[in-house]
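Undergrad: below: sequence and its predicted model.
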Amino acid sequence: MKPMTIASREPAALPAKPILGLDARVWRWAAWALLAIAALGLPFVASGYHLFQFSQVLIYAIALIGLNLLTGYNGQISLGHGAFFAIGGYTTAILMTKFAVPYWATLPVAGLVCFVAGFLFGLPALRLGGLYLALATFALAVSTPQLLDYKAFDSWTGGVQGLLLSKPHAPFGLPLTSDQWLYFFCLACAALSFWAAANLVRGRIGRAIVAIRDHPIAAETMGINISFYKAMCFGVSALYAGVGGALAAIVVGFVSPDSFGLFLSLSFLVGIVVSGLASIWGVLFGALFIEFVPNYADQLSDLFGESAKALPGAIYGILLIGLMYVMPSGVAGALKNAPRLFSRAKHG
Amino acid sequence: MTAFAHQLFSGLAMGGIYAILALALVMIYQATHLVNFAQGEMAMFSTYIAWDMIDRGMPYWAAFALTIVVSFLGGMAIERLIIRPFANAPVLTIIIVFIGLLLIFNSVAGWQYSYTIKTFDSPFPARSWFGNSFMSSHESGAILVTFAVLALVYAFFRFTPLGLAMRAAAQNPASSRLVGIRVGWMLAIGWGLAAAIGSVAGMMAAPIVYLDPNMMLGILIYAFAGAVLGGIDNPWGAAVGGFAVGVLENIAGAYLVGPEIKLSVALVIIIGVLVARPSGLFGRMLVTRV
Amino acid sequence: MPALLEARGLKAFYGPIEVLHGLDIDIAEGGITALLGANGAGKTTILRALCATVRREGAVTFAGRPLGARATEDVVRLGIAHVPDGRGTFVDLTVEENLRLGAYTRADRAAVAEDFARVYGYFPRLEERRRQQAGTLSGGEQQMLAISRALMLRPKLLLLDEPSFGLAPIIVKDIFHILRAINQESRVSMLIVEQNANLALDLADHAYLIETGRVAVGGAASSIRGDDAVRRCYLGY
């Protein structure tokens, strides 16, 4: 069986030729600056609901970073990350409703709980190769709503009705609405997550986990402790998903078993495929995609009737197959290659 | 005591359905070393096709037979058109393609037939067989159909030249070519058979779990558990595993953990078996060359 | 007599790498031809190229018909049977099932039954073990099975890749004896790749010495065997 080297199939980057006289690095800085300005200015131009949607995008981006670390960089396939998203969400909800913990303090706890859960799940998963791990995590995703709904846990989880959370207000009397404040909160968390992950993959640890993906046996003979790294990867990716879930609970103000079914886990998969496996900044594209596509489909259902509920699934399905066929390295991969193509066309 | 017997027998009935689906999964696994995550949704879609025909007035067994044929052809078409281009792709890519198929079948079923739950009548007459109090007539019928399917598939692979060729193509494609077997077509036929078998599982399950686009998701997980328990490269082990999971699920649901989290039983079985004894009860230990 | 198989300008590729550089080979009808040479010379690749198991270029004509772009499964149907290196037995199937698969493409049931009898005649040990799983046979028996499976095709040409590999000398002697009998009685032409040059030249009528993807020497087996210079340079003895 071939190793998971979709992303690493790209040839090593050649120094890109200048476009319009400016170095590629300058373009990249410009893009980042533009993005930062847009991100910071958004709450003042977007309405409550749209702002909420962009908060969701940031939340998904955090979860997708986690999944991408595990599947894209480390080659362990998880079809069940919705479960860790759920654990994070429920941890926050329980802490807030049962123990009156302030929302911001629940984040580290949710992260830690999920890290432990992920690490513990990752331990038996060490012995499972790609296909079997996919199988096990798929089973996890399908069982999650049932587990959340379990009568014995009802007093904690609120059973099928779920838990309602109160919406936080902007602190220190800042002149921001709840939605605006939550958006900035998510933005800060997302920025921190991106930075942490980018550092991780650029360093020694990042190289180790990629080595494990591509040549596990060789990696082991070079002294990399595979079990440790793989379990840690699972833990870290679960941490990210859990933090995302916790933020989601806070922003939405509600958790219930139905929001954490198979479709959520599969959406995450779609997200990292669209963004490009083994890409950190690419997850923004994936997050935008999985937030807005179901939304538009919902709007279409007003036109086409109830059957349009089927649209997101169909789009996801066709897209997954189509992308694998045409663009195995996702949007990020295509964009990375674009400057090369562009300059080749000019000088070709 | 009768309550226990009832759990046991209805466990066997559902277990038969899991066994059939597990057989389909293992058939594809043997030929490709891949698990078809979309097998359940394909079965669900076939069941809707059957429902459609019956709704339009076709007699049950005619619709049953026609659905099997349509599913066979559909399975072949999917292999040739969608799976074939990815023959040499990495595992992750193919899993993504399977998930894509899963989503497409699920959505098209919802689109075409709506998400309202439908009833699917059992073809077996309402009175229980021989007046027994352990199994409903549909449960008895389902077990019988299961055995019939298993027997037919066994006979096909054991006694027919095509069955032999398919076994050969799955085990050793290179040598199969050297005796003139068209390995590509064997693969397509394998997919067709798996889809046909899956459709039987769907049609037997629908009277019990009711027909809706998500009906096969849980059943797929149980079938996974059965296949893994029996040995993912052993079709008869997988069938035994399916029956075992059906019984375990019912017993655990009735006496241990309660019926609402029966799926977690499957999850525990899957992880437990894969960690403790990956080759399952009857499978072969796999050794990878370093 | 026209050659049964003619290859002109035969090239073969593993991926983008060319490993056979335009060979010309003739195999006479009813004869036994040997391919000799060092490890990695390309002998196995020649057999694979003829069966289209690797990408090839060049003109190959068999029994007067060009092979063209036929896939392996179709080349087999023309009457070329290949016993690959490593035997290629279906280890999980029984001996009998292996043999039956050899006759997969044939429709003449009576003739197939005759061939079963003939094959069991050459290798009685296979008949003893017909219901045994092929993987449990000894190395020598597996080689017999591999050859028999190829014979079940009733081929015009039999390609054998290193039939002596890994076998005790006495078994090899037996097998080569039987190969000669098969060639004489059933009129099956053969192309044999062998590392053991002595053995091969004993059996063959004609031989080619292959060196890094090219034909170095080609001629009658007896003259090659008699030529001291060739023997010392290429065959090491």
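TA: Thanks, I have it.
Undergrad: look up how far chain C lies from the residue nearest to A:Leu262 when sequence neighbours are not counted.
TA: Take A:Leu262 and drop its neighbours on the chain: the residue closest to it by Cβ to Cβ, 6 or more residues apart in numbering or on different chains is A:Ala141, 4.9 Å away. Any C-beta I mention is one placed from the backbone N, CA and C, and that applies to glycine too. The gap separating A:Ala141 from chain C is 35 Å, by Cβ to the nearest Cβ, to the nearest Å.
Undergrad: what's near enough to touch A:Ala141?
TA: Shown in contact with A:Ala141 (Cβ atoms under 8 Å, 6 or more residues apart in numbering or on different chains): A:Leu79, A:Gly80, A:His81, A:Gly82, A:Ala83, A:Gly261, A:Leu262, A:Leu264, A:Ser265, A:Leu266.
Undergrad: if I've got this straight, the first one is in a helix?
TA: No - counting by DSSP: H, G, I helix; E, B strand; the rest coil, A:Leu79 falls outside a helix, being coil.
Undergrad: just give me the neighbour total for it.
TA: Residues lying near A:Leu79 (other Cβ atoms under 10 Å in any protein chain shown) number 26.
Undergrad: output the contacts of A:Ala141 in a markdown table, with pLDDT appended to each entry.
TA: Listed next are the contacts of A:Ala141 as a markdown table, based on pLDDT from 0 to 100:
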| residue | pLDDT |
| --- | --- |
| A:Leu79 | 93 |
| A:Gly80 | 92 |
| A:His81 | 94 |
| A:Gly82 | 94 |
| A:Ala83 | 94 |
| A:Gly261 | 88 |
| A:Leu262 | 92 |
| A:Leu264 | 94 |
| A:Ser265 | 94 |
| A:Leu266 | 93 |
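Undergrad: what does chain C put close to chain B?
TA: Within chain C, the positions lying close to chain B (Cβ under 8 Å from any Cβ of the partner chain) are C:51, C:53, C:71-73, C:76-77, C:81-82, C:84, C:88-93, C:97, C:100-102, C:104-105, C:149, C:153.
Undergrad: narrow those to those that are buried.
TA: C:51, C:53, C:72-73, C:76, C:81-82, C:84, C:88-91, C:93, C:97, C:100-102, C:104-105, C:149, C:153 (16 or more other Cβ atoms under 10 Å in any protein chain shown).
Undergrad: can you show me the strands along chain C?
TA: With DSSP state E as the criterion, chain C has strands at C:3-14, C:17-28, C:32-36, C:55-62, C:65-66, C:80-83, C:157-161, C:189-193, C:206-211, C:214-220.
Undergrad: phi first, then psi, for B:Thr32.
TA: phi -130, psi -10 (degrees, to the nearest 10).
Undergrad: and the helix or strand A:Pro312 falls within, is it in reach of chain B?
TA: Applying DSSP states H and E as the criterion places A:Pro312 in helix A:311-326. Yes - contact of helix A:311-326 with chain B (Cβ under 8 Å from any Cβ) involves A:Leu311, A:Pro312, A:Gly313, A:Ala314, A:Tyr316, A:Gly317, A:Ile318, A:Leu319, A:Leu320, A:Ile321, A:Met324, A:Tyr325.
Undergrad: now the residues you listed as CSV including pLDDT and neighbour count?
TA: Listed next are those as CSV, based on pLDDT from 0 to 100; neighbours: other Cβ atoms under 10 Å in any protein chain shown:
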residue, pLDDT, neighbour count
A:Leu311, 81, 20
A:Pro312, 82, 23
A:Gly313, 85, 25
A:Ala314, 87, 19
A:Tyr316, 88, 30
A:Gly317, 90, 25
A:Ile318, 90, 14
A:Leu319, 86, 17
A:Leu320, 88, 26
A:Ile321, 91, 22
A:Met324, 86, 23
A:Tyr325, 86, 14
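Undergrad: can you show me the strands along chain A?
TA: Under DSSP E, chain A gives strands at A:163-164, A:254-255.
Undergrad: quick one, longest helix in chain A?
TA: helix A:226-252 (DSSP state H).
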